[in-house]
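Chemist: Provided below are the primary sequence and the corresponding predicted coordinates.
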Amino acid sequence: MKEGETHVLLGPNGSGKTTLLMTIMGFANYAITEGTIIFKGEDVTTMKANERAKRGIGMLFQRPPTISGLKLGKMLSAISRSKDENIPELAKSVHMDKFLERDINKGFSGGEIKRSEVLQLMIQNPDFVMLDEPESGVDLENISLIGTVIGSLLEKDKHLIKRKKSGLVITHTGYILDYLDADKGHVMCDGEIKCHGNPREILKDIKQRGYKECLECRHQ
Amino acid sequence: MPRMPSPVKVPELSKTDQDRVAQAGIDLAMKNRCGSYLQMDQDIVQAECSQQGIEVLSFKKAMEKYDGLKEYTWQAVSPEKDDITKYVAAQKDPKGYVIIAHKGSNNILPIQACLYLGREQIQHVHNIIVAEEDAELHIISGCTSGAHVGKGGAHYGISEFFVKKNAKISFTMIHNWSENIEVYPRSASIVEDNGVFLSNYVCMQPVKKIQMYPTATLRGVNSVARFSSVVISTPGSFMDLGSRAILEGKGASAELITRAITKGGTIISRGHINGKTAGTRGHLECKGLILKDGVIYAIPEIEGSVVGTELSHEAAVGKLAKDEIEYLMSRGLDEDEATATIIRGFLDVKIAGLPEALQRQIDSSIDVAEKAGF
């Protein structure tokens, strides 16, 4: 993937999309048996997740864990490392200001989880953002809010040449693409990337004919 | 104008020991305190309070002033209970403090009580804490020992609490002992109609042995008791802790919450709620984390003997969840920072009913104790 690009990862349930993202993020339960992960020219294959995060890799989790007792506000301060960050103001921009004193993800609705995730990413400000189904469990109004924030995280408001932020998005519905303007699409099946192409065209094929036929077609 | 309490002068304390006193939640500068009782070994260094309507007296002085305090002395705790109570009851020269919040009084800044053990001996205290009708009383009690108490010492403490009609007592006790000190608190509270008794207990430092099982008897209609305990046990520490609520008054309710972490020591976490009257409610909760091989033995007991009492308990002992640590790591925290952040969350138990300013002070005291503990 090139700097400034956004790619879409498509594929049926269980095909390994989330596994790929977790592996790139550096989760210990995901062993790399073959190949290397190169980020900004550096081999990060054996680095721990926090080392990768420091180098600019970030992730929006589909189902992040609940951490009892840890307040969202406390977590955001721990992430930010800078005293200048106006956390309440940022929280307000994604309607999460009332959640700062709540245990992280405890009793959060689908939309609240995703808003909490984008809020964390706004503070983390990664150069490469992986988004695992940012629209799942989110109503239309929230999709618009989350989509807009993700769009600005990926510098979609900047001209292509000046854009530095890259993204990799898992989506089933494609709704999020209205805000991201993705450059490329990939289809994953049984742990392998089977084909590449224009994301909207691939998504249209899948919607019309299903994954099975889509993959068969594109294999020819 | 009420006179301001004076800063406590304790020239014989080394810097290390002054830090240890601070870790027990004691503010020697008296910035955010309205009164103070300080006992070093068996010497009473200070007993004063600037808040109108609230008295802080030595046990002996209170006995003289109030004709033996017959209404209270040995009324919540029996002198015959065990060897500890017998020992304290037999003292010719009793020590300890008496704090009385007279009718309708209320302190926003807490009173602090510091019991400091600096020599090899038994420190004994008998404390009586009373909130009269409509009074509200907040106390931070810091118990600590000097960094070097030779072969060790022991602390025997009797505390009797009386919460009268519509009154409230919050008692936050921070223990900061050392590995050669044995501690045997014996405390009990009696709560009358609409009274509220809140107990916060924090112990994050090594201790040889602590054994205590404070009991709240909720005699009054709609009386409330909430106990919260946050404890960390290090190798060599043996902590046998519990709390008990006896629900006698109609509508009485109790909540007993414990967070226990072992880093190699032993924690026995007991709890007992006895529902004796219809319309009473009680909940007991103990969550334990084993960070290094040690013991957490949770013994929650609930006992109901009438139709209409509702009691529940939950207990869980486990380890730090890897997915939680990695979640924080993916946000840039290293493994140690992530672990510490999760542990701080685990230990963050808010006790309902505390004034916000006091909660902030307790939080910062816990922060200081925690930083010393990790």
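Modeler: Structure received. The structure presented is a predicted model; accordingly, all values stated were derived computationally and were not measured.
Chemist: what does chain B have sitting close to chain A?
Modeler: B:321-324, B:326-335, B:337-338, B:341-342, B:344-349 (Cβ under 8 Å from any Cβ of the partner chain). C-betas here are computed from N, CA, C, even on glycine.
Chemist: cutoff 10 Å now
Modeler: In this structure, chain B approaches chain A at residues B:259, B:287, B:321-335, B:337-338, B:340-350, judged by Cβ under 10 Å from any Cβ of the partner chain.
Chemist: Just the buried ones out of the residues you listed, please.
Modeler: The neighbour-count criterion (16 or more other Cβ atoms under 10 Å in any protein chain shown) marks B:259, B:287, B:324-334, B:338, B:340-349 among the residues of chain B next to chain A as buried.
Chemist: quick one: which of those sit in helices?
Modeler: B:324-329, B:338, B:340-347 (DSSP state H).
Chemist: between the residues you listed, which is nearest B:Ser199?
Modeler: Using Cβ to Cβ, B:Leu347 comes nearest to B:Ser199 of those, at 16.3 Å.
Chemist: contacting residues for A:Lys48?
Modeler: By Cβ atoms under 10 Å, 6 or more residues apart in numbering or on different chains, the residues touching A:Lys48 are A:26-28, A:54, B:326, B:329-330, B:334-335.
Chemist: And these, which two are furthest apart?
Modeler: Among the contacts of A:Lys48, A:Ala28 and A:Lys54 lie farthest apart (Cβ to Cβ), at 16.9 Å.
Chemist: can you map out the helices along chain A?
Modeler: A:17-25, A:49-55, A:72-80, A:87-93, A:110-124, A:140-153, A:177-180, A:199-219.
Chemist: contacting residues around the second one?
Modeler: If I follow you right, that is helix A:49-55. A:22, A:24-28, A:37, A:39-40, A:42, A:44-45, A:47-48, A:57-59, A:79, A:124, A:126-128, B:325-335, B:337-338.
Chemist: now the helices of chain A in a markdown table, with mean neighbour count and mean pLDDT?
Modeler: Shown next, in a markdown table, are the helices of chain A (neighbours: other Cβ atoms under 10 Å in any protein chain shown; pLDDT from 0 to 100):
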| stretch | mean neighbour count | mean pLDDT |
| --- | --- | --- |
| helix A:17-25 | 20 | 96 |
| helix A:49-55 | 20 | 97 |
| helix A:72-80 | 21 | 92 |
| helix A:87-93 | 16 | 94 |
| helix A:110-124 | 22 | 95 |
| helix A:140-153 | 18 | 92 |
| helix A:177-180 | 18 | 88 |
| helix A:199-219 | 15 | 79 |
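Chemist: Could you tell me the per-residue confidence at the residue in chain B that chain A sits nearest to?
Modeler: Closest contact between chain B and chain A, by Cβ to the nearest Cβ, is at B:Gly345 (3.2 Å). B:Gly345 carries a pLDDT value of 88.
Chemist: Please list all residues in contact with it.
Modeler: By Cβ under 10 Å, 6+ apart, the residues touching B:Gly345 are A:67-71, A:74-75, A:103-104, B:324.
Chemist: Name the SS class of B:Glu303, please.
Modeler: strand (DSSP: H, G, I helix; E, B strand; the rest coil).
Chemist: Can you tell me the closest non-neighbouring residue to it?
Modeler: B:Asn274 (4.7 Å; Cβ to Cβ, 6 or more residues apart in numbering or on different chains).
Chemist: beta partners of that neighbour?
Modeler: Legend: beta-bridge partners of B:Asn274 under DSSP bridges are B:Ile246, B:Glu303.
Chemist: Turn the contacts of A:Lys48 into JSON lines, columns for distance to B:Asp134.
Modeler: Listed next are these as JSON lines, based on distance: Cβ to Cβ, whole Å:
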{"residue": "A:Gly26", "distance to B:Asp134": "59"}
{"residue": "A:Phe27", "distance to B:Asp134": "57"}
{"residue": "A:Ala28", "distance to B:Asp134": "57"}
{"residue": "A:Lys54", "distance to B:Asp134": "56"}
{"residue": "B:Glu326", "distance to B:Asp134": "52"}
{"residue": "B:Met329", "distance to B:Asp134": "52"}
{"residue": "B:Ser330", "distance to B:Asp134": "53"}
{"residue": "B:Asp334", "distance to B:Asp134": "52"}
{"residue": "B:Glu335", "distance to B:Asp134": "52"}
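Chemist: which one of those residues sits closest to A:Gly167?
Modeler: B:Ser330 (15.8 Å).
Chemist: In chain A, which residue is most central in space?
Modeler: A:Leu131 (1.2 Å; Cα atoms, centre = their mean).
Chemist: quick one, what contacts it?
Modeler: Per Cβ under 10 Å, 6+ apart, neighbours of A:Leu131: A:6, A:8-9, A:21, A:58-62, A:114, A:117-118, A:121, A:146, A:150, A:153-154, A:167-171, A:176, A:180.
Chemist: which non-adjacent residue is nearest A:Gly16?
Modeler: Per Cβ to Cβ, 6+ apart, closest to A:Gly16 is A:Gly191, 4.0 Å.
Chemist: Averaging pLDDT per element, find the lowest-scoring helix or strand in chain B.
Modeler: helix B:356-373 (a mean of 70; mean pLDDT, DSSP states H and E).
Chemist: Show me the strands in the stretch 51-200 of chain B, by range?
Modeler: Using DSSP state E, counting those that start in this stretch, the strands of the stretch 51-200 of chain B run over B:54-58, B:97-101, B:111-117, B:122-131, B:136-145, B:153-163, B:168-176, B:181-191, B:196-203.
Chemist: what residues go with each domain of chain B?
Modeler: As given by automatic domain parsing, the domain ranges for chain B are B:1-205, B:213-319.
Chemist: Which one of these lies nearest to B:Gln359?
Modeler: Among those, domain B:1-205 sits nearest to B:Gln359 (Cβ to Cβ), with 9.6 Å.
Chemist: Any idea how far the closest one is from the middle of the chain?
Modeler: 10 Å (Cα atoms, centre = their mean, to the nearest Å).
Chemist: Repeat that for stretch A:67-84.
Modeler: The answer for stretch A:67-84 is 20 Å, by Cα atoms, centre = their mean.
Chemist: Kindly report the same for stretch A:198-211.
Modeler: 21 Å.
Chemist: Could you list the residues in contact with it?
Modeler: A:6-13, A:15, A:169, A:171-174, A:177, A:180-189, A:194-197, A:212-218.
Chemist: Any stretches of chain B with poor pLDDT?
Modeler: B:1-11, B:365, B:369-374 (pLDDT under 70).
Chemist: rerun at 80
Modeler: Flagging of chain B using pLDDT under 80 yields the residue ranges B:1-13, B:108, B:120, B:147-151, B:350-374.
Chemist: The residue lying farthest from the centre of it - nearest residue in space that isn't next to it in sequence?
Modeler: Centroid-distance maximum for chain B: B:Ser330 at 37.9 Å, with Cα atoms, centre = their mean. Spatial nearest neighbour of B:Ser330, excluding adjacent residues (Cβ to Cβ, 6+ apart): A:Ala49 at 4.6 Å.
Chemist: Then B:Ile296 would be within a helix, right?
Modeler: No. Assigned with three-state DSSP, B:Ile296 falls outside any helix and is strand.
Chemist: which ones are touching the residue nearest to it when sequence neighbours are not counted?
Modeler: Distances taken as Cβ to Cβ, 6+ apart place B:Gly288 nearest to B:Ile296, at 3.8 Å, with adjacent residues excluded. The neighbours of B:Gly288, taking Cβ under 10 Å, 6+ apart as the test, are B:231, B:258-262, B:267, B:269, B:294-298, B:315-319, B:346.
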